[in-house]
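K.L.:
Sequence and predicted structure, then a few things I'm wondering about:
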Amino acid sequence: MSPLGFGLSIEPQLWALIFVMVRVGAAFVAAPVFSAVAIPLVVRVTLSGAIGVLVLSVHPITPPEHVFALATILSVAAEALVGLALGFVLQIAFAAPMIASELIGTSMGIGFASAIDPQNGKSTPALGQFFSMMLTLLFLSVNGHLILVEMIVKSYVALPPGGAWLKPQQLENIAFFGGYTFLAGLLLALPVGFLLLCLNLVVGMISRSAPSLNLFAVGLPASLAVGVVALALGFPAMGDYLLVIIDEGLAATQSLVLG
């Protein structure tokens, strides 16, 4: 076979691979773990290409013929929207520990303590960093990353490429799933937050009965001590609920794929 013939035979396959990588790459940009700043761009592109090859081997996908046509641009935009939606749903679930850390940290008096989050490269509360690391480890331990890849592959059946835009009902479900973040954050902070609330009520009563008592000298050490002990005692139950958050996020992603 001549070099020209080889080039003509490989070019459509390469264009199909690039077209498939748009959805996969967009999902990795928005999804937790894969979107971490610590993961190099070359690794993401390589993973997108590897998964794209697997998708092409399972689903026969025909890319648009004209690269710079308006229909092609709309098809690429639809692929990017579907991929971003798949990753963004999981990202919503992963925001729940940050809300819980804000509630617990403010009650304990360590809301000022912050650290650099390796997931997004921004400053986050130190307690939220701890919860985020635990959620990430649990997500990897239950093979959540493999389930996400499976959902991306299945999305080519429910949402075939070539202008498959998300339905308004699916976009509405994504928006309403954002409310689950606040619910999960409150439930995650409930064991420790309830004890700290009781402590603050007791300290408030003592400060009213003894106005000369230095509230900060007594309340802050007591809040720190009770908060640390409550975290140590309540973390097994909080770890179980972190698994529930992961299951809810994956279920929301599955409902988006399966319609």
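P.N.:
Alright, I've got the coordinates. Residues are numbered from 1 along each chain as shown.
K.L.:
Now residue 78: which helix or strand?
P.N.:
helix 70-93 (DSSP states H and E).
K.L.:
For that helix, name the packing helices and strands.
P.N.:
Judged by 3 or more CB pairs under 8 Å, 6 or more residues apart in numbering; DSSP states H and E, the packing partners of helix 70-93 are helix 3-30, helix 144-158, helix 168-209, helix 215-258. Using the backbone N, CA and C atoms, a C-beta is placed for each residue, glycine as well.
K.L.:
Just the buried residues of it, please?
P.N.:
In terms of neighbour count (16 or more other CB atoms under 10 Å), helix 70-93 has its buried residues at 72, 75-76, 78-93.
K.L.:
got it, and stretch 150-170?
P.N.:
For stretch 150-170, a neighbour-count test (16+ other CB under 10 Å) marks 151-156, 159, 161-162, 164, 166, 170 as buried.
K.L.:
and the two most separated of those?
P.N.:
The distance between the two most remote of the buried residues of stretch 150-170 (CB to CB) is 19.5 Å, for 151 and 162.
K.L.:
quick check: mean pLDDT across stretch 148-166?
P.N.:
Mean pLDDT, stretch 148-166: 80.
K.L.:
okay, how far is it across that stretch, tip to tip?
P.N.:
End-to-end distance of stretch 148-166 (CA to CA, to the nearest Å): 18 Å.
K.L.:
Residue 160 versus the one residue sitting closest to the centre of the chain, what's the distance?
P.N.:
Nearest to the geometric centre of the chain sits residue 91, at 2.1 Å (CA atoms, centre = their mean). According to CB to CB, to the nearest Å, residue 91 and residue 160 sit 25 Å apart.
K.L.:
Ok, residue 182 next?
P.N.:
According to CB to CB, residue 182 and residue 160 sit 35 Å apart.
K.L.:
Low-confidence stretches in the stretch 1-150 of the chain?
P.N.:
Scanning the stretch 1-150 of the chain for pLDDT under 70 picks out the ranges 1-9, 67, 111-123.
K.L.:
The same query, at a cut-off of 90, please.
P.N.:
Applying pLDDT under 90 to the stretch 1-150 of the chain picks out residues 1-23, 29-45, 47-49, 52-83, 85-87, 95-134, 144-145, 149-150.
K.L.:
now swap in the stretch 151-259 of the chain and tell me
P.N.:
In the stretch 151-259 of the chain, residues with pLDDT under 90: 151-181, 189-239, 252-259.
K.L.:
go with 70
P.N.:
Using pLDDT under 70, the stretch 151-259 of the chain drops low at 162-165, 212-217, 259.
K.L.:
Count the neighbours of residue 138 for me.
P.N.:
Number of residues near residue 138 (other CB atoms under 10 Å) recorded here: 16.
K.L.:
List of residues touching the helix or strand hosting it?
P.N.:
In this assignment (DSSP H and E), residue 138 forms part of helix 126-141. Applying CB atoms under 8 Å, 6 or more residues apart in numbering, the contact partners of helix 126-141 are 32-33, 94, 97-98, 100-102, 104-105, 108, 110, 113-115, 117, 119, 124, 145, 188, 239, 242-243, 245-246.
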